[in-house]
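> Below is the sequence, then the predicted model.
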Amino acid sequence: MISILIGLLCTIGAVAILIAAIGILRMPDFYLRLSVTVKAATLGGGLLLLSAAFYFPEEVSVTTKALAIIFFLTLTAPVAAHLIGRTAYFIGTEKWKGTVRDDLAGMYDKDTHQLSSGDATEGDSVSHPSS
Amino acid sequence: MTLSTYIDYVILPILGVALVLVFIRIFKGPTVVDRVIALDLLITIGVGVITVYSISTQKSTFIDVAMILALIAFLGTIAFSYYLEKRGRK
């Protein structure tokens, strides 16, 4: 009974990882590739680790380690994706030709890489002259 | 069909195909950030492969390796993004 559950979890996780790999190969743009990769791969890796946590029930240390890896993966994957996406925007990675809007266009300071909000008035920019 | 056979003949081939697709993106990748996220995905798949292999061989020691590998993947992506941004800024 427990092996059926483990097999089911393994299958869903492996299929999610396969979808992530197909997405990173087939998507037309860096940003779309990033969007596909991070979510699906985190889900897949988390499900595989959860099946390991179910498989070794008599060893508490293994279950704890597997749950710790799931927690760590869920915590760090969005941070890493945000940082690499921000860097890609700064170094000018080109967008897909079907992209219809770019909300960040002109919002970043070129020199200091500081983000300003869209409705900032002249007085706001004067009041923070240096960063 | 035991769980070990199922993992050896179904799950590991699926993960192997995923690894091949990610390697194609690493070789093709037009920019360096594409290669960085492909490397990140590669290490995440590696964590999954190690986990599944530890289930298949009933050796729970491999989970430790997966833990360190997940840590290294995060640090690698952070370091790449930091230095790429620094290079673009000068």
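All right, it came through fine. The structure presented is a predicted model; accordingly, all values stated were derived computationally and were not measured. Numbering: from 1, shown residues only, chains lettered A, B, ... in the order given.
> any idea how far the helix or strand hosting residue B:42 is from the chain center?
Here residue B:42 is covered by helix B:32-57, with elements defined by DSSP states H and E. Distance, stretch centre to chain centre, for helix B:32-57: 1 Å (CA atoms, centre = their mean, to the nearest Å).
> out of everything not next to it in sequence, what's closest to residue 49?
No chain in the question, so chain A it is. Nearest residue to residue A:49 in three dimensions, chain neighbours excluded: residue A:66, at 4.7 Å (CB to CB, 6 or more residues apart in numbering or on different chains). Where C-beta positions appear, they are placed from N, C-alpha and C, glycine not excepted.
> please go with chain B instead
Distances taken as CB to CB, 6+ apart put residue B:15 closest to residue B:49, at 5.2 Å, once the chain neighbours are dropped.
> Ok, residue B:18 next?
residue A:21 (3.6 Å).
> just residue A:40 next, same as before
residue A:20 (3.6 Å).
> any idea how far residue B:79 is from residue A:84?
11 Å (CB to CB, to the nearest Å).
> And residue A:46, by the same measure?
Taking CB to CB, one finds residue A:46 at 24 Å from residue B:79.
> The two: which is more packed in?
residue A:46 (23 against 11; other CB atoms under 10 Å in any protein chain shown).
> I figured that one was touching residue A:67, is that so?
No - judged on CB atoms under 8 Å, residue A:46 makes no contact with residue A:67 at a distance of 10.0 Å.
> and the angle for the host helix or strand of residue B:86 with helix B:32-57?
In this structure, residue B:86 sits in helix B:62-89 according to DSSP H and E. Using axes from the mean of the first three to the mean of the last three CA atoms, to 10 degrees, the inter-axis angle of helix B:62-89 relative to helix B:32-57 is 180 degrees.
> Now do helix B:62-89: which elements does it pack against?
On a contact count with 3 or more CB pairs under 8 Å, 6 or more residues apart in numbering or on different chains; DSSP states H and E, helix B:62-89 meets helix A:60-90, helix B:32-57.
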